[in-house]
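*Asks:* Take a look and give me a structure for this.
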Amino acid sequence: MEPLTHVEEETMQAIWRTGEGNVKSFMEHLDEQIPYTTVASTIKNLEKKGYLDSRLLGNTYIYKPVVTEEEYKRKFMGKVVKEYFDNSYKELVNFFVEQKKLSAKELKEIISMIEKGTDK
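*Replies:* Next up is the predicted model:
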């Protein structure tokens, strides 16, 4: 799975929110205003990278994700943990605790989820 640029990632998030659609339908779900031609070009790049599949419906291309958001998150987070936290999820959690981004209550909830064996 090739890495995504910031614009590609933003576009993929809009595509995952939309599901299947054309360029205009994805633009409605973008967080920031990006010109149509940029979005169209980005979508073509995403298709070349293997993130999207397309079919022609009349004179409009309809795109759908090939890579799920969950697959991307798993790959992305694995890379972040490996490159920035010495491949240690404990170090990742410690980072958020030190940055005061994770409260004691949230940490207890995480521990409870681990003990119960749930993944959410």
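*Asks:* Could you export the stretch of helix or strand M113 belongs to as CSV, CA atoms only?
*Replies:* Taking DSSP states H and E as the criterion, M113 maps to helix 104-116. Below are the C-alpha coordinates for helix 104-116, written out as CSV (Å, rounded to 0.1, in the frame of the first residue of the first chain):
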residue,chain,number,x,y,z
ALA,A,104,-6.7,8.6,33.7
LYS,A,105,-10.4,7.8,33.1
GLU,A,106,-9.8,7.1,29.5
LEU,A,107,-6.7,5.0,30.4
LYS,A,108,-8.9,2.9,32.8
GLU,A,109,-11.4,2.4,30.0
ILE,A,110,-8.7,1.2,27.7
ILE,A,111,-7.4,-1.2,30.4
SER,A,112,-11.0,-2.5,30.9
MET,A,113,-11.4,-3.0,27.1
ILE,A,114,-8.1,-5.0,27.0
GLU,A,115,-9.1,-7.1,30.0
LYS,A,116,-12.5,-7.9,28.4
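*Asks:* Mind giving me the packing neighbours of it?
*Replies:* Contacts defined by 3 or more Cβ pairs under 8 Å, 6 or more residues apart in numbering; DSSP states H and E place helix 104-116 against helix 89-98. Where C-beta positions appear, they are placed from N, C-alpha and C, glycine not excepted.
*Asks:* which residues are contacting the helix it packs on?
*Replies:* For helix 89-98, the external contacting residues (Cβ atoms under 8 Å, 6 or more residues apart in numbering) are V80, V81, F85, L102, L107, I110.
*Asks:* picking that back up, quick one: the helix holding M113 to helix 89-98, angle?
*Replies:* 160 degrees (axes from the mean of the first three to the mean of the last three Cα atoms, to 10 degrees).
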